[in-house]
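A.B. asks: sequence? don't have it. structure:
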């Protein structure tokens, strides 16, 4: 067995790092070279000399943070070389442009799952099974209590929730990039035929998706929040940050909900302060993580981004898979 | 007409924060379901069903056995979810492939009156088979309710008040009447539901029931502007609030929690049955120190509460007394609409009559509360400060002109509680919460200094805001020294102001003291651990009081 320092990819200062290529994956502080798995802000930091990502991720990032960053892009599956290591992006099904990253060096394969889901999502490419020797997987929802319903069912529940309260404006909180567009796509296929409005930050991302060729329903941008009370029977998509401050105090005639995987637990739902929670996630559930671990044929697995204790013990005991720790 | 409808009702109630909305939802449910299922729904929603048919542990073991699932994994999930019934429900979602395609639609009545109670008649193997079969044939949406009823943990944010309001709206009858109809025992049946929604008001039929209790509000500054003579002052005892009812010769003791407790206090029932009149008294049950004429500590009363048919020696060791505050009904006449000062005159009149005319001496188990007569408000404050000396919690202030309505009506009765005792203590352990607080460290233990050592002296759960809880949870995760199962020992760093009501010697605790109702009143970020109080300070506090 090798020591931690000898792994091709390891943890350094809390981030994934490949020393041989001197390249970081989704670093949380400025570095020379950063591979970016997707355009969510918790995977991006300003100030890196060079970013490398898929084309879609690059466009989304520039829409969010401006043109003032240097990004090199590659297609899914396209192999590029850094210091003799073959690197390629593969669809991870999380959001538009999101990717897994594969490293091949001296016939040893490493795969960083990035954030991923296996569920169908018409607004991004489906997760691709990639074979590997070493797998570094996220495990945000690494407990068997997480089992996602089909997104169609959730969309129907949302539709019912809105139409059952025609005298109220329905405010649905969701992440502005990815989740919002996925919901928009799903909800437009339900019986709900009212108007859908979106907050500026979501509206902007909707337009970016459209520019990138994703077919989603037009929404109306909320220009004047004073009007929200008057939009009864309709749906408004808002980013979760707005539910925290005094924003909601402006309205009397509303019902609120949060779309997130965490909403499958009643205690979290109650604590969240929203009227309702819709458990839908862009991350894999327990079964999803297990499926990826198995289908990747990895002999060694590392987990990060989540509570990995249960998964580690389960895979070791039940599946005899070698789960390793980086140590931070 | 089914468990399915009730499951939907549960989801609707659970996902609404608006009272009006909940009332509307309930009303519609009652309109569209059978009387028998409605009565079961009321039974469940008002928390009358807390019988545990199967323990959470049993359910987890069974699931583990059937689906060959490691128990440690279920336990890990529990830490996140905080409710066994819900954990199993969520895990069952993972097992949907083994479920039958055709789902049964069982009525709430059949489930609650037959299927679940009958489990206790089965042997273990049959019982397990039955539960497995229910899991496999019930639709997924019904699992939570089924598991919660099984484990006796069905609780949802619906108060009796909401049920009262929705029924009152449904049949257009005053809430007071409905709330009276809902008092006492509620046996689910077609008749009990029909009685509840009967549009004709027949006072006779309420005969077996206690009246809805009137409750005091926290003191408001505005009352100090009124003349002291407008109010009646009583000690606030720390016992069991109770209605003592004698109707048609039969005595019944009803607690505020609407439990009939005759069996726990037979000597009181026996003595009171010798009184010739019928009556309803509102009062407090206490264990009494007859020598010093003061109330004993609540912990002694606890020795009586849960013990049915206490032996003679228990009765002598823990002698009880019923202290009457108020007379609500006399010889069949409801006098709640009479002003308090006049009810008091009646109470005193009847008490002296009973004392003189009853063959058995009743004064060793029954008295009426002494009134306190402060000259002015500062004098009232002095009384309040003295309340610890006679083992009371402060004063109850009642408006003399008030009638006996129900619930926590504003502007009638106030509680004027003595300020709590306080110590600054260091957080040393944290444990994961359950229920709503699952997944967060919300159960805390606090310590005081003894020389150079921190000694645990109290545990507290309440008092922090949700934002503080989250902040502290984060800190706890970063400052854990050791984990023992769900408990973490922590780096001593955080100081909290702990308030409590009573302090006494206890041999059970390492600190040698026990406190009652400890709660967090302030996060003292301004203090470091060496500013925290010592055990010695706690002993001093105890001396000062006794």
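C.D. replies: That came in fine, so what should we check first? The structure presented is a predicted model; accordingly, all values stated were derived computationally and were not measured.

A.B. asks: Chain B contacts on the stretch 51-200 of chain A?
C.D. replies: Neighbours of chain B within the stretch 51-200 of chain A, by C-beta under 8 Å from any C-beta of the partner chain: A:143-147. C-beta coordinates here come from the backbone N, C-alpha and C atoms, glycine included.

A.B. asks: Buried ones among these?
C.D. replies: In those, burial by neighbour count holds for A:143-147, counting by 16 or more other C-beta atoms under 10 Å in any protein chain shown.

A.B. asks: so how far is residue B:287 from whatever residue of the stretch 201-350 of chain B ends up closest to chain A?
C.D. replies: Using C-beta to the nearest C-beta, the closest approach of the stretch 201-350 of chain B to chain A is made by residue B:257 at 24.0 Å. To residue B:287, residue B:257 is 18 Å away according to C-beta to C-beta, to the nearest Å.

A.B. asks: The two: which is more packed in?
C.D. replies: Neighbours per residue, other C-beta atoms under 10 Å in any protein chain shown: of residue B:257 and residue B:287, the larger number sits with residue B:287, 20 against 11.

A.B. asks: Give me the sheet partners of the helix or strand where the more buried one lies and which way each runs.
C.D. replies: Using DSSP states H and E, residue B:287 maps to strand B:279-289. Using DSSP bridges, the strands paired with strand B:279-289 are strand B:240-247 (antiparallel), strand B:294-295 (antiparallel), strand B:320-330 (antiparallel).

A.B. asks: need those strands in TSV with mean pLDDT and mean neighbour count, can you?
C.D. replies: Formatted as TSV, the strands paired with strand B:279-289 follow (pLDDT from 0 to 100; neighbours: other C-beta atoms under 10 Å in any protein chain shown):
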stretch	mean pLDDT	mean neighbour count
strand B:240-247	94	21
strand B:294-295	92	19
strand B:320-330	97	22
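
A.B. asks: Out of those strands, flag the one nearest residue B:412.
C.D. replies: Across these, residue B:412 has its closest neighbour in strand B:320-330 (12.1 Å, C-beta to C-beta).

A.B. asks: Quick one: mean pLDDT over the following helix or strand past that closest one.
C.D. replies: Next along the chain after strand B:320-330, taking DSSP H and E as the criterion, comes strand B:333-334. Strand B:333-334 carries an average pLDDT of 92.

A.B. asks: Report the distance from strand B:333-334 to the chain centre.
C.D. replies: 29 Å (C-alpha atoms, centre = their mean, to the nearest Å).

A.B. asks: Provide the strand pairings for it, with the direction of each partner.
C.D. replies: strand B:320-330 (antiparallel).

A.B. asks: In space, what's closest to residue B:248 - neighbours in sequence excluded?
C.D. replies: residue B:278 (6.8 Å; C-beta to C-beta, 6 or more residues apart in numbering or on different chains).

A.B. asks: And for residue A:186?
C.D. replies: Leaving aside its chain neighbours, residue A:186 sits nearest to residue A:155 (3.7 Å; criterion: C-beta to C-beta, 6+ apart).

A.B. asks: Tell me which helix or strand that neighbour sits in.
C.D. replies: Per DSSP H and E: helix A:151-163 holds residue A:155.

A.B. asks: what residue ranges in the stretch 1-150 of chain A score low on pLDDT?
C.D. replies: A:1-5 (pLDDT under 70).

A.B. asks: ok, the closest residue in space to residue B:82 that isn't next to it in sequence to residue A:268 distance?
C.D. replies: Once flanking residues are discounted, residue B:82 sits nearest to residue B:438: 2.5 Å by C-beta to C-beta, 6+ apart. Counting by C-beta to C-beta, the gap from residue B:438 to residue A:268 is 8 Å.

A.B. asks: Tell me the confidence at residue B:178?
C.D. replies: Reported pLDDT for residue B:178: 86.

A.B. asks: For it, which residues are in contact?
C.D. replies: B:164, B:167-168, B:196 (C-beta atoms under 8 Å, 6 or more residues apart in numbering or on different chains).

A.B. asks: picking that back up, buried ones in the strand holding residue B:287, by neighbour count?
C.D. replies: For strand B:279-289, the neighbour count (16+ other C-beta under 10 Å) marks B:279-289 as buried.

A.B. asks: ditto for stretch B:160-178
C.D. replies: Of the residues in stretch B:160-178, B:160, B:162-170, B:173, B:175-178 count as buried by neighbour count, 16+ other C-beta under 10 Å.

A.B. asks: Now, the residues you listed that are in helices?
C.D. replies: Judged by DSSP state H, helices contain the following of the buried residues of stretch B:160-178: B:160, B:162-170, B:175-178.
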